[in-house]
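what follows is a predicted protein model with its sequence.
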Amino acid sequence: MQPTTKCLPMDCTYCYLPFRKMNHLMPVTVAEAVAAAVNPWAADDPAFEVVWHGGKPLATGREHLAALMSPFKGAQHSVQTNAALVDDAWCEFLLEREVHVGVSVDDPEDMNTHRVTLAGHPGFRVTMRGIERLRRHGIPFSAIAVVSDPAPENAARFYDFFAELGVTTLGVNVEEAEGVNHGAKDSDPVRATEFWAALADAWRANPVVRLREIQRVLNFAGAVLGSHDTAPTPTSAPWDPMPTVAYDGGWSCSPQSWQGSPTPGSATSPPATCSRTAWTSS
C-alpha cells in the first residue's frame, strides 16, 4: 500500500519513483475499499500483513496514516521507512499499534553514497538518528539495502554492519534500471555471483540476521529435499501473494504501477496474473 508518493527528506540516486518529490496522499476511501476486500483473509490468517511502502509512510503524518490503517481488521501493519522522520511521537504511534518497522539503509557510512537528501547531502547520519530512537524505545526493525556495486570484497563488511546494527531481517536488492532510474549499470554476472557467495559465507560465520534471499533458497531446498510441495508460486496460486496498491487506488502485482506508467489495475484491463477489481476512490 502506497500511502503517499513523497520520499521526504531523501532523494536517492537509484529511486525509481517519478513522483517522490510530490505529496500525493492516498484517500481514506481507497484504504476502506481494500480493507473491505481483504479483511476476510485477515480473519482467516493471523499472519496476514498490510505493508505501507513506496514513498515514505511517515511523510503521510500520524493522523492520516492512522486513518488509512483503521479500516483493516485483524491485520498486522508494517511500514518501510528511511527513519529520517522517526521521533518519540512516531515511536509511541508504532508501539501503540504494534506496527512492524523496516528501515531502508544501504551500507556502512563510507559506502553509503547513493542515499542522499533533497539538498544533496549524505543521508546516512539522518537515518542513523532515527534508528537510535527506535532502539531507545525498544522497537525491533528489519532492513532493506540497495547494493549498487555488488563487490565481493565488500560483502563481509556489508553483512557485519547490519549484524552490529541489530536488524532482525535483511533484504538485499541489487540496483537495476527501473522506472525513472536509468543510471544503473549492469552488474558483472561473475562479480555478482561472487558477492552473493561471500555474503552467504559471512552469514554462515555469524547467522544472527535472517537474510531474506538465503532464507528463500533454504526454504525451497528444504521443501525439495523433504519431498513435500513448496509454497504456491504467483503463476500457480489463485491470486498473487503480494498485490500492490498505489496511492490513487490503481494496482498491479508489482510496484510497476508506482512508476508513472498507465495504471495496470484498471477496471477494463486487469493484469493477467491477478483477478481483482481495481480499488479506486471513486
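Great, that's in hand. On a predicted model such as this, the values are computed, not experimentally measured, just so you know.

surely M69 meets E98?
No: between M69 and E98 there is no contact under Cβ atoms under 8 Å: 11.1 Å. Every C-beta, even on glycine, is put in place using the N, C-alpha and C of the backbone.

mutual contacts of the two, please.
Contact with both M69 and E98 is made by residues H77, according to Cβ atoms under 8 Å, 6 or more residues apart in numbering.

who has more neighbours out of the two?
M69 (20 against 8; other Cβ atoms under 10 Å).

count the neighbours of the residue nearest to the more buried one when sequence neighbours are not counted for me.
Counting by Cβ to Cβ, 6 or more residues apart in numbering, M69 lies nearest to H77, which is 5.5 Å off, once chain neighbours are set aside. Burial of H77 is recorded as 19 neighbouring residues (other Cβ under 10 Å).

what pairs with H77 across the strands?
Going by DSSP bridges, H77 is paired in beta bridges with V50.

check L211 too.
Counting by DSSP bridges, L211 is bridged to L170.

just list the residues touching it, thanks.
By Cβ under 8 Å, 6+ apart, the contact set of L211 is 159, 169-170, 172, 199-200, 203.

rerun that using 10 Å as the cut-off
159, 162, 169-172, 199-200, 202-204, 217-218 (Cβ atoms under 10 Å, 6 or more residues apart in numbering).

what pLDDT is listed against S236?
Reported pLDDT at S236 in the predicted model: 41.

thinking again about what came up before, could you double-check that the residue nearest to M69 sits in contact with V99?
Yes: using Cβ atoms under 10 Å, H77 is in contact with V99, at 4.8 Å.

shared neighbours, those two?
Joint contacts of H77 and V99 (Cβ under 10 Å, 6+ apart) are 50, 52, 57, 65, 69.

among those residues, which ones are buried?
Using 16 or more other Cβ atoms under 10 Å as the burial test, the shared contacts of H77 and V99 include 50, 52, 57, 65, 69 as buried.

so which of the residues you listed are in helices?
In helices, defined here by DSSP state H, the members of the buried ones among the shared contacts of H77 and V99 are 65, 69.

using TSV, lay out the buried ones among the shared contacts of H77 and V99 together with pLDDT and distance to V190.
TSV is the format used below for the buried ones among the shared contacts of H77 and V99 (pLDDT from 0 to 100; distance: Cβ to Cβ, whole Å):
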residue	pLDDT	distance to V190
V50	95	40
W52	95	38
P57	91	38
L65	97	44
M69	98	45
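
put together TSV for the buried ones among the shared contacts of H77 and V99, with distance to V224 on each row.
Formatted as TSV, the buried ones among the shared contacts of H77 and V99 follow (distance: Cβ to Cβ, whole Å):
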residue	distance to V224
V50	31
W52	34
P57	37
L65	41
M69	38
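
which one of the buried ones among the shared contacts of H77 and V99 sits closest to C7?
The closest of the buried ones among the shared contacts of H77 and V99 to C7 turns out to be P57 (Cβ to Cβ; 10.6 Å).

and that closest one, how far is that from L225?
Note on P57: its distance to L225, by Cβ to Cβ, to the nearest Å, is 39 Å.

next one: V167
29 Å.

give the contact list for P46.
Counted by Cβ under 10 Å, 6+ apart, P46 has contacts 74-76.

and with 8 Å instead?
G74.
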